[in-house]
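Chemist: coordinates for the following, if possible.
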Amino acid sequence: MSIVPVERPIDAIDAGLLLALAEQPRATTVALAQRAGISRNTAQARLAALQGRGALRSIERSIAPEALGYPLTAFVTTRVTQRRLDEVASSLERIPEVLHVLGLSGHIDLLVHIVAKDADDLYRIAEQILAVPGVERTDTALVMRELVGYRVEPLLRRVAGGG
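Modeler: Numbers count the residues shown, from 1 in each chain. Predicted coordinates for the structure are as follows:
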């Protein structure tokens, strides 16, 4: 997935609807509409529009890798031969334990978010990344604990006018 600007910013009504969805992901459209103070048809149309323009991402972000047997999380900073960047990205995409790859500015080219079953598995994955043609150098940092989890709720509250 590339980072591209959404067609138009989310308004207060959309933010309210998304807050309701974040609080109760399995809620019906009717329940979400009631929470957001809008009609069911409006809620349904707005949700479809949000999804259509890329404002709603995959549910995959809600699945904990630990539940799948991958308790270790690490970030691999990677330097890449620039002319091979697309090839490297395609190779990384084929490694199942690679969850997310971001292109960076500065001395490091890529930030690769990975998960592993244990230390030996982490070593194997890091070696697999280093073996990708076009990868010049890597450095692996193991996540010791999560201090602030992934969140957008504070931004939604600000847009909705509640904080």
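Chemist: excluding chain neighbours, give the residue nearest to the residue of the chain most remote from its centre in space.
Modeler: Distance from the C-alpha centroid of the chain, by C-alpha atoms, centre = their mean, peaks at residue 39 (30.1 Å). Counting by C-beta to C-beta, 6 or more residues apart in numbering, residue 39 lies nearest to residue 33, which is 6.0 Å off, once chain neighbours are set aside. In short, each C-beta sits where N, CA and C put it, glycine included.
Chemist: so how far is residue 138 from that neighbour?
Modeler: According to C-beta to C-beta, to the nearest Å, residue 33 stands 48 Å off from residue 138.
Chemist: do the same with residue 113
Modeler: For residue 113, the distance to residue 138 - C-beta to C-beta - is 13 Å.
Chemist: again with residue 94
Modeler: Residue 94 is 17 Å from residue 138, by C-beta to C-beta.
Chemist: neighbour count for these two, which is higher?
Modeler: A direct count of neighbours by other C-beta atoms under 10 Å for residue 94 and residue 138 places residue 138 higher, at 18 against 9.
Chemist: in the helix or strand hosting that one, which residues are buried?
Modeler: Per DSSP states H and E: residue 138 is located in strand 135-142. For strand 135-142, a neighbour-count test (16 or more other C-beta atoms under 10 Å) marks 135, 138, 140 as buried.
Chemist: quick one: mean pLDDT for the next helix or strand after it?
Modeler: As assigned by DSSP H and E, the chain's next helix or strand after strand 135-142 is helix 153-160. Taken as a whole, helix 153-160 has an average pLDDT of 93.
Chemist: can you give me the strands in the chain?
Modeler: Assigned by DSSP state E, the strands in the chain fall at 72-80, 98-103, 110-116, 135-142.
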